[in-house]
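Visitor: sequence-free structure coming up:
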C-alpha cells in the first residue's frame, strides 16, 4: 500500500478508497473530446465534510494533486484526471438537506443530481431552473463548478444566479462558508460567485444554498422554418428587440435540420435551411406565440407551426433534442460553446458555414439563440488523422471568430483543458495576471485541479 | 503647491484638481451617521479613463490613499474621506455610451445617475431594475460599489444580477476588463461579481456593461392593515409560499405607521399595528391582488385596500415613501439594513421592538418584506450623549439579532465604515482571511479606500 493510500485510510473507510486500475480507469475522463487524461493514483468517495477535509489535508501534506469530480458529464475536460492525482468523486454526498418553500431555498450536497433536485422542488410548486442537457445525470456540484446553463437561460439565467451560499473545503483542508441564506446580502466580497464556474481549481464545494423559483406553467412552443439562417437570426433579434421574454428560443442550422430530418423522418422540405423554436410559459402563451409567429413570417419564415397544447409542444421540441444524436450518426462529434452578442448571431453562423466549407468538414450548429450561445458541432472521422487535425483546426477558428464578434470562448461549458490556451486571449494580460493571483490565494501549492482553466 | 497636487496636474486639467478646503469639505461624507470622516488632501474630477489611471498611478507612486466617490448617497460611510487622501469623484464621467435594445445592454460610465439610465432605457421599452431610494441622485458607479438594492428586488434582484462586465482601473493604474457583453459566459473566474459590492476597495469602475430588461407594465398595489407585525409577517410568508411573485412587498411596523399617519393625516385607526403593501406588474395584477388580499384577510388583516388603477397605487405607495421623512420629524435617524430569511421576519421585528423598549428609544422598521430585508431606523437626540450612545448600542444589538436569526449585517447598504467591526463576525476567520488576501491581490499597498469594509 502506498503512503498516500495509507494516509487517506486514516480518515476514510476502506470502501471509500479505490486503487483498482480497472475501476479508476472509468474515472479518468469527462465527456470532452480532444483532451488528454492522466492515470490517477487513487479514487476516493467521501461521504462527509470531514472526510473531504481529510483528503485535502493529506493532499496538501504530500503535495498530491486533487481532481474533484461530479458525474463527469462535462464537455471541456475540466474533470479529467492528471497523473498520480487523487480523483475526488463527490457523487456519494448526494443528499438534499433542506427544501424550504417560504424562503424558496434548497440546501444540498454537491452530488445531488440536477433532475432529482428539480423533482423534489416540484413537490413544493418550486423549480430549480438551470437545465443543462445532461440534467438527468449531472450533479449540482458539477453545475456549480462549470457555471452550467441550459435551454431555460434566455428567461431564467444560469447557475450563478441561483447560488446564494457555499460551504467549500479549501486546498489546505480548511472549511470556508461563503454567502448567505437570505434573499439579499452584500457583506464582504462575493466569494460565492467567484467560486461558481471555477472548475474545482479554488476549492471543493461540499454544500450549497440554492435559490428556487415558483414553478412556471408548462411552456407552449412554435416551430418556424426559414429559408436561411440570416432570416432566422433576424427573427431572433426582432423578438428580443420587441420586448418578448421567451422561456426557450433555439435555432438549428441547415446541417442540423437535414440530419434530424433524415433521422426522424420529419418531412421538412429541402428548402428549410434553419429551424427556430420559440416557447413561452407565461399567463397567455398562445397570444405571445401568435405575435412571435407574425414576426417570424415578416422576417421570411416559410412555415410557422404553433403548438396547441403541451403534447404538441413536446413534439416540436423533439427536433432540438434529437440534434446531437442526429449528428452523432454521421461521425465522431466535437461540440463547441461560443457565445456572441445576439445581434452578431447571423455573422457567427455564416462564419461557421465558411469554416466548414474551407476545412471540408460537416459542422452543424444548434444555438440557444436568445442568448447568442452557439454550439457548433464538428463531425469528423476520428480514425483519420488528417480529418481529426482539421476538426481541431476548425474548433480553433470557431473560437477566433467568436472573439472577433465580441463574444466569449465559452458560454456555459467552461474552459477546462480544452480551451485553456484560449483563455489568455479572451482575458488579456491584466485579467490573466489577476486570475492567476486569485488562484494563488486559494491554492498556493497548486494542488487543486492543476492544469485546468488557467 | 504640494508635490501631490503638482503630480496630479501633470495628467489632469487644472479645473479637475481642487484643494480649496471649503469645496473639499463638502466631499468628506456620504449620508451615514456614526461615521468619522478625514480631511482630504485633494479632490479630483477625472473625465477620462486615462485621467483615472494617472490619478491611481500617482497615488501608488506617492503611497497616497484614494477614496472613490459617486453621489455620496451611501449609508455606511464607504465614501467618507480619510486624512490626506485623494477624493476621486467619478461624477463627471457621466455618459451613457450605448443603449442596445437587441442585446438588451447599456454601456455606461460610472457617474451616470440611476434615474437617467432608467429614463434613457424607457425610451426603448427597457428597464434597468435596481431602484435604491436615492435613485434620482445616486450613480451607477456607487450602485456597483455597494451592490445596491431597492424596492424592486423581490422580483428583479439586486445590482449584481445586472452587471455583465466592467472596466476597472486598479490601484497601480492598470486597466482591467472583466466579464462580457454576451448574455452568458463562463471564461475564467467571475471577477465582475467579485468587484460588485467591493466598495471601492479593489479598483475604480470606469465603465460598465449592464443588462437591461423589457420594461414591465405599471404595477398595481394593495395596502393591508394588520393588528400585529406577527400577522403581517405570516401573510408575507403565505404569499411567498403560495408561489406569488410580487413586484413589491413592503412592510411598515407600528412605529412607522403611527409616524406616517400623523404626518400625512392618513386616518389609519390606532389598531393598525402594521401595514403591508403588495404590488404586481404582470399580465393580470388585479387577479393576483385579489388572491393576495384573501391571504392577508386569512392571516388576520383588518382591512385590505386594493388599488383600482395606477394613480390609486401611487397613493398607497406614498405611505412607504413617507416612512423615513416621517421618522426624521421625530429626531436624528440612523437607518440599519439587516436581512434575515423571510421566515424569521416576525422574530426580527419582535426583537427590534424589544430592543427599542429596553433602550428607551423609538425604533421604526420599514422592510423590503419579500426579501426579509429590514431597515430598523433608530430615532434619537444627537445632542444627548447618553441617548446617542444608546442609539449606537441599539444598532449593534440589531445586527447581533440579525446574525442570530441566520441573517446578514447588510442586505444592500454595504459595510463601509459603519459595520466594519461586524463583518468579521459574519464571515468567520477563514472567510475573513481569504477576503483580506483577495484585497492584497488587487491592492497590495492598501491605498484603495483604506479602512473600509475589511
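Guide: Structure received. Note that the coordinates shown come from a computational prediction; the quantities given were computed from them, not determined experimentally. Numbers count the residues shown, from 1 in each chain, chains lettered A, B, ... in the order given.
Visitor: Where do the strands of the stretch 1-150 of chain A begin and end?
Guide: Secondary structure of the stretch 1-150 of chain A (DSSP state E, counting those that start in this stretch): strands located at A:17-18, A:42-44, A:66-69, A:86-89, A:96-100, A:105-108, A:126-127.
Visitor: ranking these by burial, who's on top?
Guide: strand A:66-69 (a mean of 26; mean count of other CB atoms under 10 Å in any protein chain shown). In this view, the C-beta of every residue, glycine as well, is placed from N, C-alpha and C.
Visitor: Against which helices or strands is it packed?
Guide: helix A:49-62, strand A:86-89, helix A:140-146 (3 or more CB pairs under 8 Å, 6 or more residues apart in numbering or on different chains; DSSP states H and E).
Visitor: What lies in contact with the shortest one?
Guide: With contacts defined as CB atoms under 8 Å, 6 or more residues apart in numbering or on different chains, strand A:86-89 is touched by A:4, A:8, A:24, A:27-28, A:40-46, A:52, A:55, A:58-59, A:64-69, A:81, A:204.
Visitor: Ok, the last one next?
Guide: For helix A:140-146, the surrounding residues in contact (CB under 8 Å, 6+ apart) are A:68-74, A:76, A:78-79, A:90, A:93, A:108-114, A:117, A:130, A:132, A:148, A:159, A:163, A:166, A:195-200, A:205, A:208, A:210, A:412-414, B:186.
Visitor: what's the answer for stretch A:430-438, then?
Guide: Residues contacting stretch A:430-438 (CB under 8 Å, 6+ apart): A:194, A:202, A:423-424, A:427, A:454, B:170, B:174-178, B:188-189, B:191, B:438, B:441-442.
Visitor: hmm, back to that, now the strands of the stretch 1-150 of chain A as TSV including mean pLDDT?
Guide: Listed next are those as TSV, based on pLDDT from 0 to 100:
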stretch	mean pLDDT
strand A:17-18	98
strand A:42-44	98
strand A:66-69	98
strand A:86-89	98
strand A:96-100	98
strand A:105-108	98
strand A:126-127	97
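Visitor: Could you say which one of those strands comes nearest to residue A:397?
Guide: Closest approach to residue A:397 among those is made by strand A:66-69 (29.9 Å; CB to CB).
Visitor: Dig out what residue A:380 forms beta bridges with.
Guide: Beta-bridge pairing of residue A:380 under DSSP bridges involves residue A:332.
Visitor: confidence score at it?
Guide: Residue A:380 is assigned a pLDDT of 96 by the prediction.
Visitor: wait, isn't it in contact with residue A:361?
Guide: Yes. In this structure, residue A:380 is within contact of residue A:361 by CB atoms under 8 Å, at 6.0 Å.
Visitor: And those two? Which one has more around it.
Guide: Neighbours were counted for residue A:380 and for residue A:361 using other CB atoms under 10 Å in any protein chain shown; residue A:380 has more, 24 against 18.
Visitor: per the record, what domains does chain A have?
Guide: Per automatic domain parsing, the structural domains of chain A span A:3-89, A:96-214, A:218-319, A:330-445.
Visitor: Distance to residue B:310 added to the ones you listed, as a markdown table?
Guide: Below are the domains of chain A laid out as a markdown table (distance: least, CB to CB, whole Å):
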| stretch | distance to residue B:310 |
| --- | --- |
| domain A:3-89 | 48 |
| domain A:96-214 | 25 |
| domain A:218-319 | 19 |
| domain A:330-445 | 30 |
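Visitor: okay, these, which one's buried deepest?
Guide: When the domains of chain A are compared using mean count of other CB under 10 Å, domain A:96-214 is most buried, at a mean of 23.
Visitor: coming back round to it: to residue B:318, which of the domains of chain A lies closest?
Guide: Minimum separation from residue B:318 across the domains of chain A (CB to CB) falls at domain A:96-214, 24.2 Å.
Visitor: for the closest one, the distance to its chain's centre please.
Guide: On the basis of CA atoms, centre = their mean, to the nearest Å, domain A:96-214 sits 14 Å off its chain's mean C-alpha point.
Visitor: now residue A:176, what's its secondary structure?
Guide: strand (DSSP: H, G, I helix; E, B strand; the rest coil).
Visitor: Okay, and the beta partners of it?
Guide: With DSSP bridges as the criterion, residue A:176 is bridged to residue A:168.
Visitor: moving C-terminal of the helix or strand harbouring residue A:354, what's the next helix or strand?
Guide: With elements taken from DSSP states H and E, the one containing residue A:354 is helix A:345-359. The helix or strand immediately downstream of helix A:345-359 is strand A:362-368, counting by DSSP H and E.
Visitor: what residues are up against the residue of the stretch 1-150 of chain A found nearest chain B?
Guide: Closest contact between the stretch 1-150 of chain A and chain B, by CB to the nearest CB, is at residue A:147 (3.9 Å). Listed by CB under 8 Å, 6+ apart, the contact set of residue A:147 reads A:158, A:159, A:160, A:196, A:197, A:412, A:414, B:186, B:190.
Visitor: those helices in the stretch 201-350 of chain A, which residues are they?
Guide: With DSSP state H, counting those that start in this stretch as the criterion, the stretch 201-350 of chain A has helices at A:229-241, A:254-264, A:285-298, A:310-321, A:323-328, A:345-359.
Visitor: Give me the phi and psi for the residue of the stretch 1-150 of chain A closest to chain B.
Guide: Torsion angles at residue A:147 (phi, psi; degrees, to the nearest 10) stand at phi 70, psi 50.
Visitor: Would you mind listing what in the stretch 1-150 of chain A touches chain B?
Guide: A:100, A:101, A:102, A:103, A:104, A:105, A:125, A:126, A:146, A:147, A:149 (CB under 8 Å from any CB of the partner chain).
Visitor: Okay, the residue lying closest to residue A:199 once chain neighbours are set aside and residue A:192: tell me how far apart.
Guide: Among residues not flanking residue A:199 along the chain, residue A:78 sits closest, at 4.4 Å (CB to CB, 6 or more residues apart in numbering or on different chains). From residue A:78 across to residue A:192, the span is 19 Å (CB to CB, to the nearest Å).
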